[in-house]
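[1] my questions concern the predicted model and sequence given below.
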Amino acid sequence: MTTPAIDVRSVSKQFAGVRALDGVSLELNSGEVHALVGENGAGKSTLIKLITGVYRPDAGEVRYLGEPVAFARPRDAQAAGISTIYQEVNLVPLRSVASNLFLGREPTNRLGLIDYRSMHRAARETLSRYGISVDVRRPLGELGLGVQQMIAVARALSTEARVVIMDEPTSSLEPREVDLLAGVVDTLRRERVAVLYVTHKLDEVFRFCERVTVLRDGRRAHTGPVAGTTRLRLVATMLGRDIDDVREHGATTFTDEHRSVAGEPTLRAVGLSRRPYLDDVTVDVHAGEVVGLAGLLGSGRTETAKAMFGADPVDSGSVSVDGRTRRRWSPAAAIRNGVGMIPEDRKAEGVIAELSVRDNIVLAALPRLTTAGFLSDRRQADLVDTFVKRLRIKVASTDQKVRELSGGNQQKVLLARMLCLHPKVLILDEPTRGVDVGAKAEIQSLIDELAEQGLGVVLISSELEEVVEGADRVLVLRDGAVVATLRGDDVSEERVMRAIAVASDEAAAEPSTTDAPAPEDPHA
Amino acid sequence: MLDTLRRRRNRADVLRFLQVGGVYVATALILAFNLLFTPNFATLANLRLQLVQVAPVAIVAIGMALVIATEGIDLSVGSTMAISAALLPLYIGYGVWPAIAVALLAGVAVGAVNGSLVAFAGMQPIIATLGVLVAGRGLALVFANGRLTELFDPTLDSLGNDSVLGVPISVLLVLAVAVIAGVVVRRAAFGRQLLAVGGNRAAASLAGLPVKRTLVAVYVVSGVLAAAAGVLSTARQGASDPSFVGLLIELSAITAVVVGGTPLSGGRVRILGTLTGALLMQLITATVIQQNLPDSTARMIQAAIIVAAVYVQRGRSRA
Amino acid sequence: MTTTPEVIAAPARRRLTIRGRRWRPDRAGAPIVLALVVIGGSLVFGDSFASAQNFGNIALDSSYLLLIAIGMTFVIISGGIDLSVGSLLALAGVLTAYGARWGSVAAIVLPLLVCAAFGLVNGLLIARARIAPFIVTLAALLFARGLAFAVADEGNTVYIIPADLTLTRLGQARWLGLHAPVWLALLAFGVGVLVLNRTRFGQAVFAVGDNQEAAELMGLPVARVRLLVYVASAVLAGIAGVLVAAQTQSGLPTIGEGRELEAIAAVVIGGTLLSGGAGSLSGTLAGVLLLKVIQNLINQVGTLTAYYQQVVSGIFLIVVVLIQSRLARRRLR
């Protein structure tokens, strides 16, 4: 039996009382593409960080090529031959494409100075092997996310890696780019590289991988050949539910019926445009309706949400609530008019980590709790208690700092913040991202409940089944424009993916619009 | 394993205590040292002297603490002091209180400029207030023609030098400002907005808080307090000296704030800690003088304390 | 590799194009303004401004600031800031004068070693102990100033450097009409440009300031880079201090007050982003010259007191940075 390239033996990792991983084992063999799946919070990223040296295990060990290793930093793991492609493009956007490819490894001339000409040439060659043709002197940040992701792949693979870990590599890739990636994975397999493929898109598991390991709540729930399982079985294992139950009711806890609503929309966002992110997007939300926004990473869903909420300015377009158009739209104005939003990145834009749970919840309601500039303790406490109970937020006390809460509870705090304003429309951007299975189910049921009570909901999620099962109507976005609207029975994952694919093909068929000539060489 | 966890928790507790209470411990230590080793330290006259000397810095530091809580900084406070000091003799002909009002209004104006640059023009506070620092000091000197002007006003003199019930008026002023600041931070909506803006500006904006208004307001507060400190300083000296008043006070203020436990990253304020930090720095200087140590030693000790204070603090944000 | 469909990575959006810019206004800004100011000054003041002697004075004045600003550029590009350089300048000056009794070598080595030590401590506290650069270098500012006074006996002793020392002769020499400090500053500039733009270290400095976590994940020696920039900044300030001492033949602990702020201003005016990740030394050079030329012009007016000079400097800094950020913001969209 050959030694596995990576042998994870019973590792455990704890963070401030939360068990992220509990006795997890995994074997990754050379020349094998091994899928790692699991819900958010199941422990996938923690496991990767343990392998690559970002964290150290509290118990258990990691063996690389037969030898136990304990990398002190990611750099050491890289040098040893473990290359990682992250979900977020971890590159430096202000530097050029070529710089990003070669950072730390720039080709030098005899004097030890960087040889830009050969670096640019090598960069063009490398990228052409990935079918990418771009001006390598351009700042990386000016390119689309999909291309950036492919460049990250190219960089990760330019070292002599024995193990490649891919974390959600296709989240921003269009179907054509995914095909490219398939070719890359094939090449790696042929070259006997071990590939750990982390994804929540189960279609990719069956398309690319030989073996699959399922994590649930920090433990290994299943491992085995891909051929020996089905999509349904994997979903059931990931969720810890009965197969028949999943088959009946779907992967989420959303109710099965799709509501259809009539009448005037509560919120109308018309013709929202903002170069280069949004192109004439129109969204209507009726009372009691759940409108889903589907699309790839970078397709403009979050930008749409922010424009609807007034958080980002628009070049043109308008938002009206209950028929009245506001001229100067801002989050404060949106809130006053009954629109609430939970942002995509709760750490960066949602919770205020150092403030207490109570302070976070009442934050948006401050104007209503203030008399003569001073806050009423009692009214605050009443409001907070009501919503902590209603949303079942697990806290030791409402004075606790919000950063001590789990992801799911933090998300509930944000929900409470908006709900205590009794909004008419709620925009939810990735409401279950980074939330454990239990809280996820609770939040999904809550969304249903709110819609039943007449709230209009805009739901954005990169988990397609969440959008498909939760929404009554789905708008498919690509490159900042709405390319399809799906209703009723048409709402399905295949239809959404097809809509995106069709739009990509159409765009590819257009004559390519060349841009302004390259900017001056920054290194001249 | 349980043992290491217990040891880790104990260390965390000690660290947390130091972060919150470190400045108080240090101040207590230095007070004890002086009580034991410095003759004439425990006299009422000496205590009064120390408190009066630290009053201007304390007032400025409270304003600085509020600005720092919004993740900003105000380097212009010394120049604002100079401007207010320079304006006093020009307007004292209209009466003491009108003159003081003008000086405070100047503080409002400077603060409004700072706040607008930060909030509306999106400038980094360090650069914006740096520009105002340079321009402001020059403006003060222009107003005063670079000269020191003596002021002979009984009201002003008593403001700076008299006491009520044994407590110097300047100290009462510090206490009043501190109490008001403490109440505002704890109980007023503005205080909550301030902490939210400093804790996570994007989140505050998305929650509908008036971020720009809050930022302008906090710099105005800092400006007014600096102007007040300028008035106080002038009152004490009996002379307006725009070349020297408030020189380098921004350093002392920032030091007091940081040592007192308010993080530079914003989101939290410790008013009492700031006051104690200012007192600690003052005591270090006083101790050094009275122990006949060279003045440079005071600076070096202060530098070491700053680093220690922040080092201890930084563990907290990691936890 | 098997034939793969081609992905033409044109601008981000097919239907919405990003206007590519061929010219970077935020970087070109400072040199253009400088040129305009110099031309304007020559027209208005004629020979009293546009003479070889005056330009020579401006150059000499600028050379100390340039040395400090070069180090500051590296530090700011890496995402940090260094407030201690003014005090280090003074400390180096005092140590130079102090060490002169043992000869030129000691007079140069002592201050540079001490400054390097300061830079090392700054760097360690910032890169390893992860304390905010503002605070660390603020403390260093205080400590170095205190040390300078301590060595100079609280300012009571002023060490004099004898005129016949090699250090003095070299420091006050002129070649091709330019003073020694100017040559040294230009040399440092040249080396700096080479290091920043043509070495892996320089690229790493940019990357660390651009996105530190990504730089870490990309395998760059982030802590080492962050540490070294502070050492460089401190040593350059030390060199400037040695030169000042050689020029004035004395070591005063009171000099250098506010130089760090001046350097930051020059760097920012030159187009380097205060948030890190982008910038250039040529911009810094332009920024330094611009500041000094403006100071010189204000002096030319004569009737304007030094106080107005300050007001103008302050307003000028604000206006220039405002314009920078406006242009930069438009570019990033």
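    It's in. Numbers count the residues shown, from 1 in each chain, chains lettered A, B, ... in the order given.

[2] and the residue lying closest to A:Ser504 once chain neighbours are set aside, how close does it get to A:Asp505?
    Spatial nearest neighbour of A:Ser504, chain neighbours left out: A:Glu174 (4.7 Å); criterion: CB to CB, 6 or more residues apart in numbering or on different chains. Using the backbone N, CA and C atoms, a C-beta is placed for each residue, glycine as well. Separation of A:Glu174 from A:Asp505 (CB to CB, to the nearest Å): 10 Å.

[3] out of those two, which sits in the busier spot?
    Taking other CB atoms under 10 Å in any protein chain shown, A:Glu174 and A:Asp505 do not tie; A:Glu174 has more neighbours (24 against 12).

[4] that one contacts A:Ile500, correct?
    Yes. Between A:Glu174 and A:Ile500 there is a contact under CB atoms under 8 Å: 7.0 Å.

[5] what do these two both touch?
    Residues touching both A:Glu174 and A:Ile500 (CB atoms under 8 Å, 6 or more residues apart in numbering or on different chains) are A:Leu296.

[6] chain A contacts on the stretch 101-250 of chain B?
    B:187-190, B:192-193, B:195-196, B:199-200, B:202-210 (CB under 8 Å from any CB of the partner chain).

[7] all helices of the stretch 301-450 of chain A, in order?
    A:301-309, A:331-336, A:346-349, A:357-362, A:366-369, A:377-391, A:407-419, A:437-452 (DSSP state H, counting those that start in this stretch).

[8] mind listing the helices for the stretch 51-200 of chain B?
    B:77-91, B:96-119, B:125-144, B:154-161, B:169-187, B:189-199.

[9] quick one: closest of those to A:Leu111.
    Among the helices of the stretch 51-200 of chain B, helix B:125-144 comes nearest to A:Leu111, with 37.5 Å by CB to CB.

[10] is any residue of that closest one near chain C?
    Yes. Contact between helix B:125-144 and chain C, assessed by CB under 8 Å from any CB, occurs at B:126-128, B:130-139, B:141-142.

[11] which strands and helices sit next to that helix?
    helix B:77-91, helix B:96-119, helix C:259-269, helix C:306-332 (3 or more CB pairs under 8 Å, 6 or more residues apart in numbering or on different chains; DSSP states H and E).

[12] can you tell me which residues contact A:Ala98?
    A:116, A:119-120, A:122-123, A:136-137.

[13] okay, the most centrally placed residue in chain A: pLDDT?
    Nearest to the mean C-alpha position of chain A, counting by CA atoms, centre = their mean, stands A:Ser462 at 5.9 Å. Here, the pLDDT recorded for A:Ser462 equals 82.

[14] any idea how far C:Met218 is from the most centrally placed residue in chain C?
    Chain C has C:Ala69 as the residue nearest its centroid, 0.4 Å off, counting by CA atoms, centre = their mean. Applying CB to CB, the value for C:Ala69 to C:Met218 is 29 Å.

[15] circling back: make a markdown table from the helices of the stretch 51-200 of chain B and add mean pLDDT and mean neighbour count to it.
    Shown next, in a markdown table, are the helices of the stretch 51-200 of chain B (pLDDT from 0 to 100; neighbours: other CB atoms under 10 Å in any protein chain shown):
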| stretch | mean pLDDT | mean neighbour count |
| --- | --- | --- |
| helix B:77-91 | 95 | 29 |
| helix B:96-119 | 96 | 21 |
| helix B:125-144 | 91 | 25 |
| helix B:154-161 | 85 | 16 |
| helix B:169-187 | 94 | 17 |
| helix B:189-199 | 94 | 24 |
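
[16] select, out of those, the one closest to C:Val44.
    Of all the helices of the stretch 51-200 of chain B, helix B:125-144 comes closest under CB to CB, at 21.9 Å.

[17] what's the angle between the closest one and helix C:259-269?
    120 degrees (axes from the mean of the first three to the mean of the last three CA atoms, to 10 degrees).

[18] tell me how far helix B:125-144 lies from the chain's centre.
    18 Å (CA atoms, centre = their mean, to the nearest Å).

[19] next, the angle from that helix to helix C:306-332.
    150 degrees.

[20] helix or strand next in line after the helix or strand that contains C:Phe206, which one?
    Element membership of C:Phe206 [criterion: DSSP states H and E] is helix C:200-210. For helix C:200-210, the succeeding helix or strand toward the C-terminus, using DSSP H and E, is helix C:212-217.

[21] how distant is that following helix from the center of its chain?
    With CA atoms, centre = their mean, you get 26 Å for helix C:212-217.

[22] that helix and chain B, any residue contact?
    No. Under the criterion of CB under 8 Å from any CB, helix C:212-217 makes no contact with chain B; the nearest approach is 15.3 Å.

[23] for that helix, buried residues please.
    Buried residues in helix C:212-217, defined by neighbour count with 16 or more other CB atoms under 10 Å in any protein chain shown: C:212, C:214-217.

[24] closest to chain B among these?
    Taking CB to the nearest CB as the measure, chain B sits nearest to C:Gln212 out of those, at 15.3 Å.

[25] might you report the residue contacts of that closest one?
    Applying CB under 8 Å, 6+ apart to C:Gln212 gives the contacts C:79, C:222.

[26] kindly report the same for A:His34.
    A:26, A:28, A:194-197, A:209-213.

[27] so how far is chain B from it?
    Applying CB to the nearest CB, to the nearest Å, the value for A:His34 to chain B is 30 Å.

[28] what number of residues lie near the nearest residue to that residue once chain neighbours are set aside?
    Leaving aside its chain neighbours, A:His34 sits nearest to A:Arg211 (4.7 Å; criterion: CB to CB, 6+ apart). Residues lying near A:Arg211 (other CB under 10 Å) number 21.

[29] domains in chain A, as residue ranges please.
    The record assigns chain A these domain ranges, following automatic domain parsing: A:6-94+A:146-249, A:96-138, A:267-509.

[30] could you dump those domains to CSV with distance to B:Val110?
    Formatted as CSV, the domains of chain A follow (distance: least, CB to CB, whole Å):
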stretch, distance to B:Val110
domain A:6-94+A:146-249, 34
domain A:96-138, 43
domain A:267-509, 24
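
[31] picking that back up, so for the residue nearest to A:Ser504, what's the pLDDT?
    At A:Glu174, the predicted lDDT confidence score is 76.

[32] C:Leu83 in helix, strand or coil?
    coil (DSSP: H, G, I helix; E, B strand; the rest coil).

[33] can I assume it is in contact with C:Ala140?
    Yes. The pair C:Leu83 / C:Ala140 is scored as a contact, 7.4 Å apart, by CB under 8 Å.

[34] what touches both of those two?
    Counting by CB under 8 Å, 6+ apart, C:Leu83 and C:Ala140 have no common neighbour.

[35] my guess is A:Val69 contacts A:Thr52, does it?
    No. Contact between A:Val69 and A:Thr52 fails when scored by CB under 8 Å: they sit 10.5 Å apart.

[36] which one of the two has more residues nearby?
    Higher neighbour count among A:Val69 and A:Thr52: A:Thr52, with 24 against 16, using other CB under 10 Å.

[37] my read is that the more buried one contacts A:Arg75, right?
    No. Taking contacts as CB under 8 Å, A:Thr52 lies outside contact range of A:Arg75: 9.9 Å.

[38] picking that back up, A:Val163 is nearest to which of the helices and strands packed on helix B:125-144?
    helix C:306-332 (36.6 Å).

[39] tilt between the closest one and helix B:77-91?
    Using the same axes, to 10 degrees: helix C:306-332 against helix B:77-91 is 130 degrees.
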